[in-house]
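A.B. asks: Got a predicted structure here, sequence first:
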Amino acid sequence: MLEWLSTFSDKSPVKIFETVSKVSINIVTRAVFGGRCKRQDMFLKALMELVQLSSWFCLSDVFPSLSWLDVKMRRKILRIYRVLDSTTEEIVQDHLEKQKQRENNGDEDVEYDLVDILIKTMKDDNGGVSITFDSIKTVILDMFAGGTDTTTTTIEWTMAELIKHPEILAKVQAEIRSAASEKIDFNENDLIKLRYLKLVIKEAMRLHPPAPLLLPRQCKDTCEVLGYSIPSGARVLINAWALGRDPEYWTDAEQFIPERFEGSSVDFKGNNLEFVPFGAGKRSCPGMDFATAVVEIVLFKLLLHFEWKLPDGLKPNELDMTEEFGASCRMKKPLSLIPILRVPFSDV
Ligand code: HEM
């Protein structure tokens, strides 16, 4: 990560989404398939296109008779699907070959990535739990589609809210710098000490859940909710964005106040249904712990080493916080900030 941070040149604006995205992708790439794959650029490009398309409004969902209007889009999706299918196939095949080589050479002292573990589960008899070659390919896609844009969006919104609230920025930076000065080689096990940073991230996720409508559900049986009849088979969307801003549950709902979570048991683990940035129930986000660690580590580094200023003499209250409409809720105008190095990398 230091290599990445040292690419920031002092006083030149940094596009936060673009730069953080590279780190998120890097982290997920290493965890899922151990670093690089063949045709990685092609794989990532197709994946980003797919994430963008998830915000596409599908006309035929609402007016089935107009499905012919979606033909061009369907062709595009098919093209992306083919690229993703063949690249994930290669990833799994490569892992199978490497495992075979290791077995032949008797190598045991190796670091396993997620694909290795899934292949092992596929080969082993797991008491009825069956994983197929295709499901491993799908998990790879799920991890990338679910794990990169969301973490990056959370970091971008948190930085935006901090820039908008200089007193909160100062408080969180004081906590981070004090924790870092107490321990040489601060690592992810020390993140537990950053209590105020955790409140700041929670508050940013309350106002800006990266997946504002979660993932669609389908109603299994006809049921009644608040007097409305929901027919079996209906697609149901949960508006996590609106729940997080509902004045019935939140005092000063539109304000950014991390202290509201101080001493409160309200959390995003899926038990408090007014606060569900990771969803709830059995299909809630399986990457929650991984995601919070990534968000905390990246913010820790950005806030420890640098002061951040808005470019072109823009004042904090002039920052444009408009949201992009879509399945993922990014900043409409990407956040651009000027880094000023304060704590040299060699000091930590
Ligand atoms: C701040 C970051 C993240 C946020 C806000 C987030 C949010 C979500 C949400 C809202 C869902 C749908 C849950 C529902 O509808 O109840 C979801 C699903 C999912 N997420 Fe995350 N996510 C994040 C990071 C990650 C990471 C890092 C990974 C993995 C590397 C990941 C993997 C997944 C997967 C695989 C699903 C689909 C689960 C299923 O279909 O059962 N997510 N996430």
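C.D. replies: That came through, no problem.

A.B. asks: Next secondary structure after the longest helix anywhere in the chain?
C.D. replies: Ranked by residue count and defined by DSSP state H, the top helix of the chain is helix 71-105. Moving toward the C-terminus from helix 71-105, the next helix or strand (DSSP states H and E) is helix 114-123.

A.B. asks: So is whichever helix or strand comes after that following helix next to the ligand?
C.D. replies: Using DSSP H and E, the helix or strand that follows helix 114-123 in sequence is helix 133-147. Yes - counting by C-beta under 6 Å from any ligand atom, the ligand is contacted by helix 133-147 at 142-143, 146-147. Any C-beta I mention is one placed from the backbone N, CA and C, and that applies to glycine too.

A.B. asks: quick one: helix 133-147 to helix 114-123, angle?
C.D. replies: With axes from the mean of the first three to the mean of the last three C-alpha atoms, to 10 degrees as the basis, helix 133-147 and helix 114-123 are set at 150 degrees to each other.

A.B. asks: Tell me which residues are up against whichever helix or strand comes after helix 133-147.
C.D. replies: Per DSSP H and E, the first helix or strand lying C-terminal to helix 133-147 is helix 149-164. Defining contact as C-beta atoms under 8 Å, 6 or more residues apart in numbering, one finds that helix 149-164 is touched by 16-17, 20-21, 24, 51, 168-169, 172, 200-201, 203-205, 207-208, 210-211, 256, 291, 294-295, 298-299, 302-303, 308, 310, 316-317, 319, 321, 328-331, 334-335, 337.

A.B. asks: and the residues you listed, which of them are in strands?
C.D. replies: Members of the contacts of helix 149-164 lying in strands (criterion: DSSP state E): 308, 337.

A.B. asks: Among the contacts of helix 149-164, which ones lie close to the ligand?
C.D. replies: Among the contacts of helix 149-164, the residues within reach of the ligand (C-beta under 6 Å from any ligand atom) are 210-211, 291, 295.

A.B. asks: re the thing from before, most neighbours among the residues of helix 133-147 next to the ligand, which one is it?
C.D. replies: For the residues of helix 133-147 next to the ligand, counting by other C-beta atoms under 10 Å, the largest number of neighbours falls to Gly147: 22 neighbours.

A.B. asks: so that one makes contact with Phe290?
C.D. replies: Yes - counting by C-beta atoms under 8 Å, Gly147 does reach Phe290; the two are 7.2 Å apart.

A.B. asks: about what we covered before: save the residues of helix 133-147 next to the ligand as JSON lines, and put in pLDDT too.
C.D. replies: Converted to JSON lines, these look like this (pLDDT from 0 to 100):
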{"residue": "Asp142", "pLDDT": "91"}
{"residue": "Met143", "pLDDT": "90"}
{"residue": "Gly146", "pLDDT": "89"}
{"residue": "Gly147", "pLDDT": "90"}
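
A.B. asks: so which of those comes closest to Val110?
C.D. replies: Set against Val110, the nearest of the residues of helix 133-147 next to the ligand by C-beta to C-beta is Met143 (20.5 Å).

A.B. asks: Give me the contact list for the worst-scoring helix or strand of the chain on mean pLDDT.
C.D. replies: Sorting the helices and strands of the chain by mean pLDDT, DSSP states H and E puts helix 59-62 at the bottom, at a mean of 74. Outside helix 59-62, the residues that touch it by C-beta under 8 Å, 6+ apart are 66-67, 69-70, 235.

A.B. asks: Apply 10 Å and report the result again.
C.D. replies: 65-71, 73-74, 235 (C-beta atoms under 10 Å, 6 or more residues apart in numbering).

A.B. asks: roughly how far out does it sit from the chain middle?
C.D. replies: Averaging C-alpha positions (C-alpha atoms, centre = their mean, to the nearest Å) puts helix 59-62 28 Å from its chain's average.

A.B. asks: Also stretch 149-164?
C.D. replies: Worked out by C-alpha atoms, centre = their mean, stretch 149-164 lies 11 Å from the chain centre.

A.B. asks: ditto for stretch 231-243
C.D. replies: Stretch 231-243 sits 21 Å away from the centroid of its parent chain (C-alpha atoms, centre = their mean).

A.B. asks: Where does pLDDT dip in the stretch 201-348 of the chain?
C.D. replies: Scanning the stretch 201-348 of the chain for pLDDT under 70 picks out 346-348.

A.B. asks: Tell me the residues on it that lie near the ligand, please.
C.D. replies: Checking the stretch 201-348 of the chain against the ligand by C-beta under 6 Å from any ligand atom, the hits are 210-211, 214-215, 277-280, 283-287, 290-291, 295.

A.B. asks: Mind listing what's buried along the longest helix of the chain?
C.D. replies: Neighbour-count burial for helix 71-105, counted by 16 or more other C-beta atoms under 10 Å, picks out 80, 83-84, 87-88, 91-92, 95-96, 98-99.

A.B. asks: hmm, back to that, out of the ones next to the ligand among the contacts of helix 149-164, which are buried?
C.D. replies: In these, burial by neighbour count holds for 210-211, 291, 295, counting by 16+ other C-beta under 10 Å.

A.B. asks: which among those residues gets closest to Asp107?
C.D. replies: Ala291 (31.9 Å).
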